[in-house]
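S.K.: give me the fold of what follows.
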Amino acid sequence: MFAIILNILDRMISESFDLISPLPRDECVRRLGKETGSKWGIFHRAPVTGYVKKTSLLLRKNICYRNHFQLCLLGQFHEENGRTRLRCRFGWEPFTTASMIVVWSGLVLAAIATFVAWLVGHELIPDSPVPLFGVLLFCFGFSFVPMIIGRWLAYNEPKFLIAFLRRTIDAREA
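M.R.: Numbers count the residues shown, from 1 in each chain. Model prediction:
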């Protein structure tokens, strides 16, 4: 259920869009790979980090701190008549999405377990479970704080990544 909610949230961030490059796919992959630093590297001067494969890419702006909620440009290469169509969208890294699913699922399961224990009258649950639900609600709300701050810090990065693609592979909007 939370996977569906996160998928909807992820899609609300950005719809997919296409960029067209006059270069063949192999040349696009070569140029982007040359200008992209490893996502695991610490000391590199590349403007973007991530990976570029033969059919797909994941790029994010190189920053001096770690922001798990930084938007990444995810894309797939499609060769068309000697040109390359790059179908792109912005979203979180898959690890971040999976982490949020685990955190929110755990909080919902804790709320359900607390409610069921209260219904059956378990001795560890007080007569009124309102304080416990208040703590769970606080934890759920607090889990949004890093996401909001991370998104605020990365507000201008989609423009940067699109400009990077335009400059590197001479891409234009379809």
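
S.K.: in the longest helix seen in the chain, what's buried?
M.R.: Looking across the chain with DSSP state H, the single longest helix is helix 94-120. Using 16 or more other CB atoms under 10 Å as the test for burial, helix 94-120 gives Thr96, Thr97, Met100, Ile101, Trp104, Leu107, Ala110, Ala111, Thr114, Trp118. C-beta here means a position set from N, CA and C on the backbone, and glycine is covered the same way.

S.K.: cool, stretch 84-93 as well?
M.R.: For stretch 84-93, a neighbour-count test (16+ other CB under 10 Å) marks Thr84, Arg85, Leu86, Cys88, Arg89, Phe90, Gly91, Trp92, Glu93 as buried.

S.K.: how far does stretch 27-38 sit from its chain's centre?
M.R.: Centroid displacement of stretch 27-38 relative to its chain, using CA atoms, centre = their mean, to the nearest Å, is 21 Å.

S.K.: give the buried residues for it.
M.R.: By neighbour count on 16+ other CB under 10 Å, the buried set for stretch 27-38 is Cys28, Val29, Arg31, Leu32, Glu35, Thr36, Gly37.

S.K.: elements contacting the host helix or strand of Val29?
M.R.: Here Val29, judged by DSSP states H and E, is contained in helix 25-35. Where contact means 3 or more CB pairs under 8 Å, 6 or more residues apart in numbering; DSSP states H and E, helix 25-35 is packed against strand 48-52, strand 72-80, strand 83-91, helix 157-169.
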